[in-house]
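A.B. asks: no FASTA, just this:
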Ligand code: DGJ
C-alpha cells in the first residue's frame, strides 16, 4: 500500500509539470509512459518490418490498428530511407507515420533501424554499405568480414549517431507539442550472429587488454545484486579472459560491453536533443543455443548488468518473445531494476490472455504483438472471405454476418484492457493488483489478497460444463484481479472460475456479483446482475472460455 501512495505522489508530480516531452515514470521494477501529462499503458502492436515504408501502406494499415483497439503502434524508421545519400535527409516516412497515427488516435514508438537490425546491417544506406573501408564490418574467427557493422569503429558510430540526432531533432520539431511519439527503440535486436565476438585485429587487441575501470567498479559496487554470478569478479585488474574465464561467455561479455557503450553514445546524443525515453530489445538465447548461435551479446538477462553499466541512457531492456514459456520469460525480464516491456511477441490468439497477465501480474509498461497489421478483427472470417461473398445473395450475407459476430481474442482482450487502463494505472506496483495465466498444464493458481482472502482461480473447463471442456488441449485463460476496497474486487479476463476462502476457517460468501463495463468517463456501468446459475448459486465467480468480461464482485464473511 505504501508503494501505491508513493507512486500516486510521483505520478501526480509528473503530471503537474506539463512535460516538454513524453517521459518514463520509472519505479525500478515497474514503469509507465507519461505523455501529454497523463500516464498510459502501451496496449500496442509492432508493425512488420516493411509495413510502414510507403504512405499507401500506412494509410491502409493504421485505421485497422485503431479498430483492433491499439493505443500505440511500434513502427520502424530506417536509416536507408531517411538518409538515402550521405548528408541528404528525407523525413517523409517519419512524417507519414506521425500524421496517420494522429488521425487514428495512436501513439508511436519509433524503432530506429540504424547500424543493426537483427545483428545485420541491412538497413544502413547503400552509400554506407559500399564503403567498407570507412565503415568496417566485424570479422569471423577466420578473418572473413560479416555483414554486421563494427561496434568499435568510430566512423560507424559517428555516422549512426549523426543521423539519429537528426531524427530526434526532426521528431522534436514536428511533435513535441502533440507528443505522438512517446518512446524510441535504439537499433533492433543487437547481437552478433555466427560468432560470440568480433575477431577483427582491433577487437582482439581490446579483448586482450584490461577491462575498463568503469565496468570493474560497477561490478564490484553491485556485486551482491548482480543478475549473473559469473560477473562477480575477484580483482579489479585483468583482461576479459582473466576476469570472466577464458571461454565464449567471456567473449560474449566483452562484445556486449562494446555494443552497450556504442548504444549509450547514440542514445545520449539523441536524448540531449529531445529527451524521449529509450530502450533496446532482445533476441533470446533459447533452446540451448550458444553465443553466436543465438545473437551473442544482446541485452540478454545474463548480460543485463553489462548493459546497465555501459548504457545508462537506456531505460529498459525490452523482451521480444517468440519462444515457448511465456510466464518464465516474463519473470526473467521483470527485475528490480528492469520494468517489463514486451515490444514484440509472436502474433497469436493467446496473446489476448498473455497481455492480461503481463499488465496484471508484472505491471508491464506495454505489450505489442509483432506484425499486428496481419491480425484479423473478427475471429472467424477474413477480408478475403468478405470479398468472396455475393452481397446480392441474402443467404450468403446472413451466413457471413453470423460468422463475423465473434471478435478475435486479442481484440476482445484489448477492449477489456482499454476500459480498465485507468484502474490498472492506479494500481500498478501495488499489492491490490495481480493476475494469473492458466493453460493445459497449469490449470489453477491462487492469489492471496490484502484482505487475507485466498482466491482460487481455476480454468473454467475444470467445471466440465463448457463445450470444449472434454478436449485434450485447453486454451490459455487468464484474469486480472484488482482489489478496489475491502473485500471488493474486479475480475477481468476469460476462461476462469474463482472461488474464495480464508485460512482461519471463517466462511466467505459472495455478497454481490455483476458484469460491468467502464465508459470513457471512467464510470462503471452494470451490464448484468449475475447470480443463480451464473455464480453457481453464489459458490463462484465465472467467466467462461470465449467470453471476455469484467465482473465486479464483493465478498463477505459469515
Ligand atoms: C524479431 C525482429 O526484431 C523483428 O524485426 C522481426 O524480424 C521478427 N523477429 C520476425 O519474426
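C.D. replies: Sure thing, it's come through. This is a predicted model, so every value here is computed, not measured.
A.B. asks: What residue, apart from its backbone neighbours, is nearest whatever residue of the chain ends up closest to the ligand spatially?
C.D. replies: Here the chain gets closest to the ligand at one residue, residue 189, 4.4 Å apart by CB to the nearest ligand atom. (Each C-beta comes from the backbone N, C-alpha and C, glycine too.) Spatial nearest neighbour of residue 189, chain neighbours left out: residue 283 (4.2 Å); criterion: CB to CB, 6 or more residues apart in numbering.
A.B. asks: and the one you found, what does it touch?
C.D. replies: 118, 119, 189, 191, 294, 295, 298, 320 (CB atoms under 8 Å, 6 or more residues apart in numbering).
A.B. asks: Which among the residues you listed count as buried?
C.D. replies: Buried residues within the contacts of residue 283, counting neighbours by 16 or more other CB atoms under 10 Å: 118, 119, 189, 191, 294, 295, 298, 320.
A.B. asks: and the fifth one, backbone torsions?
C.D. replies: This means residue 294. Taking degrees, to the nearest 10, you get phi -90, psi 160 for the backbone angles of residue 294.
A.B. asks: ok, it to residue 162 distance?
C.D. replies: Per CB to CB, to the nearest Å, residue 294 is found 31 Å from residue 162.
A.B. asks: before we move on, what about the second one?
C.D. replies: Taking CB to CB as the measure, residue 119 and residue 162 are separated by 22 Å.
A.B. asks: OK, contacts around the closest residue to residue 118 other than its chain neighbours?
C.D. replies: With CB to CB, 6+ apart as the criterion, residue 118 has its nearest non-adjacent residue at 4.8 Å, and that residue is residue 189. Residues in contact with residue 189 (CB under 8 Å, 6+ apart) are 116, 117, 118, 119, 281, 282, 283, 295, 298, 320.
A.B. asks: mind giving me JSON lines with these and columns for distance to the ligand, secondary structure and pLDDT?
C.D. replies: Output for these, formatted as JSON lines (distance: CB to the nearest ligand atom, whole Å; DSSP: H, G, I helix; E, B strand; the rest coil; pLDDT from 0 to 100):
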{"residue": "116", "distance to the ligand": "11", "secondary structure": "strand", "pLDDT": "98"}
{"residue": "117", "distance to the ligand": "7", "secondary structure": "strand", "pLDDT": "98"}
{"residue": "118", "distance to the ligand": "5", "secondary structure": "coil", "pLDDT": "98"}
{"residue": "119", "distance to the ligand": "10", "secondary structure": "coil", "pLDDT": "98"}
{"residue": "281", "distance to the ligand": "6", "secondary structure": "strand", "pLDDT": "98"}
{"residue": "282", "distance to the ligand": "9", "secondary structure": "strand", "pLDDT": "98"}
{"residue": "283", "distance to the ligand": "6", "secondary structure": "coil", "pLDDT": "98"}
{"residue": "295", "distance to the ligand": "10", "secondary structure": "coil", "pLDDT": "98"}
{"residue": "298", "distance to the ligand": "10", "secondary structure": "coil", "pLDDT": "98"}
{"residue": "320", "distance to the ligand": "5", "secondary structure": "strand", "pLDDT": "98"}
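A.B. asks: which one among those residues gets closest to residue 74?
C.D. replies: The closest of those to residue 74 turns out to be residue 281 (CB to CB; 9.5 Å).
A.B. asks: Could you check how many residues crowd around the nearest residue to that closest one once chain neighbours are set aside?
C.D. replies: The shortest distance from residue 281 to any non-neighbouring residue, by CB to CB, 6+ apart, is to residue 318 (4.3 Å). Neighbourhood size, residue 318 [other CB atoms under 10 Å]: 28.
A.B. asks: what does residue 56 give?
C.D. replies: By the measure other CB under 10 Å, the count of residues near residue 56 is 9.
A.B. asks: Please, which helix or strand holds it?
C.D. replies: Assessed by DSSP states H and E, residue 56 sits inside helix 55-68.
A.B. asks: Check the burial of residue 503 by counting its neighbours.
C.D. replies: By other CB under 10 Å, 9 other residues sit near residue 503.
A.B. asks: Who are the contact partners of the closest residue to it other than its chain neighbours?
C.D. replies: Among residues not flanking residue 503 along the chain, residue 454 sits closest, at 6.8 Å (CB to CB, 6+ apart). By CB under 8 Å, 6+ apart, the contact list for residue 454 reads 446, 447, 448, 500, 501, 502, 503.
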